[in-house]
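1. Predicted coordinates and the sequence they were generated for:
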Amino acid sequence: MEYNKDQQERIQTLISTLNKKYNKIEIDKNTLAEKGKNLKNELNSHSKKLGWKEKLFGGSLGGNKELAELVKHTENEMQKVESSLKKLSKELKEKPDIIKKEFTNALKEIDSDFKKLTDDRTLHYDLYKASKKYEDLLKKAHQGVIDALLFLSWEKLINHPEASEKLNGFKSETLRYQKVVDKLRNNSSTQPKPAVTLVDLIKFDSQEIAMSSFKKLLSQTSKYKKYTDSFLSQSKKDIQEYRKKAYEEIIGQSLD
């Protein structure tokens, strides 16, 4: 983990710019908070002077109409200040995540090892999501076959036009899932084993073979999901540690 002067200066400038931006937001927030405090005091002072006519009719049927309008105007100004304060508070709350995000993106551009870590995590995350989705599809398809067999024999079910259409759709989803698996295998040195072509496991020659096919597919999918889940947990720690050390080396501060 070594960075040349130009690389360090580029990232230092980035972080400095972000810190200046959030420092200004903090100043703006404090200024607004003070304005809100003054408006509240004004509102309390004006409200004490309101009579029942101003409170009920806004001064339109007697009473001090100018005072009633002043109170209403002060209330509106307070609402604007409160809305702006919420917005600024939200931006300040997001500061740590934004700095991490921007630093992460910048670090990927200058550090190939770090980029590989993040790319590998993305590939495994994509497979994890796809595995969960395909697992749900498998369970529904399996249950659908079981339910259909309550009313139809295996021969009638497998030759039914609607069943044939659903089988083709199931194969298409399996091929789509296979592409996600293959993308990980082709682009990452860390990958699940053994290599399996999932569509080859789809066999509906008989009811017994079909049930076994569903079982094998579910088992393989569960392995992928378990593997990627474990990988994601470890890679999250590795990326955090790598980023923390890089931030301390480049910025000279701790990344909170």
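-> Done, it's in. Numbering: from 1, shown residues only.

2. Helices of the stretch 151-256 of the chain, start to end?
-> Here the stretch 151-256 of the chain has its helices, by DSSP state H, counting those that start in this stretch, at 154-158, 161-187, 207-251.

3. which strands and helices sit next to the longest one?
-> Read that as helix 207-251. Contact partners of helix 207-251 among helices and strands, from 3 or more C-beta pairs under 8 Å, 6 or more residues apart in numbering; DSSP states H and E: helix 5-48, helix 95-110, helix 112-148, helix 161-187. C-betas here are computed from N, CA, C, even on glycine.

4. The helices of the stretch 151-256 of the chain: which one's closest to Leu85?
-> With C-beta to C-beta as the criterion, Leu85 lies closest to helix 207-251 of these, at 29.6 Å.

5. Report the angle between the closest one and helix 161-187.
-> On the basis of axes from the mean of the first three to the mean of the last three C-alpha atoms, to 10 degrees, helix 207-251 is oriented at 30 degrees to helix 161-187.

6. quick one: helix 207-251 to chain centroid distance?
-> Computed by C-alpha atoms, centre = their mean, to the nearest Å, the separation of helix 207-251 from the middle of its chain amounts to 17 Å.

7. rewinding a little: ok, which of the helices and strands packed on helix 207-251 comes nearest Gln79?
-> Closest among those, using C-beta to C-beta: helix 5-48, at 9.8 Å.

8. any idea how far the residue nearest to Phe103 when sequence neighbours are not counted is from Leu117?
-> Leaving out its chain neighbours, the residue that sits closest to Phe103 by C-beta to C-beta, 6 or more residues apart in numbering is Tyr247, at 6.1 Å. Using C-beta to C-beta, to the nearest Å, Tyr247 is found at 15 Å from Leu117.

9. who has more neighbours, these two?
-> Under the criterion of other C-beta atoms under 10 Å, the comparison of Tyr247 against Leu117 puts Tyr247 first, with 21 against 17.

10. how about the more buried one, what does it touch?
-> Shown in contact with Tyr247 (C-beta atoms under 8 Å, 6 or more residues apart in numbering): 103, 253-255.

11. What is the neighbour count of Asp111?
-> 19.

12. try Phe103
-> For Phe103, the neighbour count with other C-beta under 10 Å is 20.

13. Next one: it from Pro96, what distance?
-> On the measure of C-beta to C-beta, Phe103 and Pro96 end up 11 Å apart.

14. do you know how far the nearest residue to Ala163 once chain neighbours are set aside is from Leu217?
-> Closest residue to Ala163 apart from its sequence neighbours, by C-beta to C-beta, 6+ apart: Leu157 at 5.5 Å. Counting by C-beta to C-beta, the gap from Leu157 to Leu217 is 18 Å.

15. between those two, who's got more neighbours?
-> Leu217 (24 against 17).

16. Enumerate every residue touching that one.
-> Contacts of Leu217 (C-beta under 8 Å, 6+ apart): 138, 174, 198, 201-202.

17. Kindly report the same for Glu42.
-> Residues near Glu42 by C-beta under 8 Å, 6+ apart: Thr74.

18. Could you tell me which ranges of the protein sit under the pLDDT cut-off?
-> 1, 50-64, 256 (pLDDT under 70).

19. picking that back up, make TSV out of the contacts of Leu217 and add neighbour count and distance to Glu77.
-> Shown next, in TSV, are the contacts of Leu217 (neighbours: other C-beta atoms under 10 Å; distance: C-beta to C-beta, whole Å):
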residue	neighbour count	distance to Glu77
Leu138	21	60
Thr174	21	62
Leu198	18	63
Leu201	17	68
Ile202	15	67
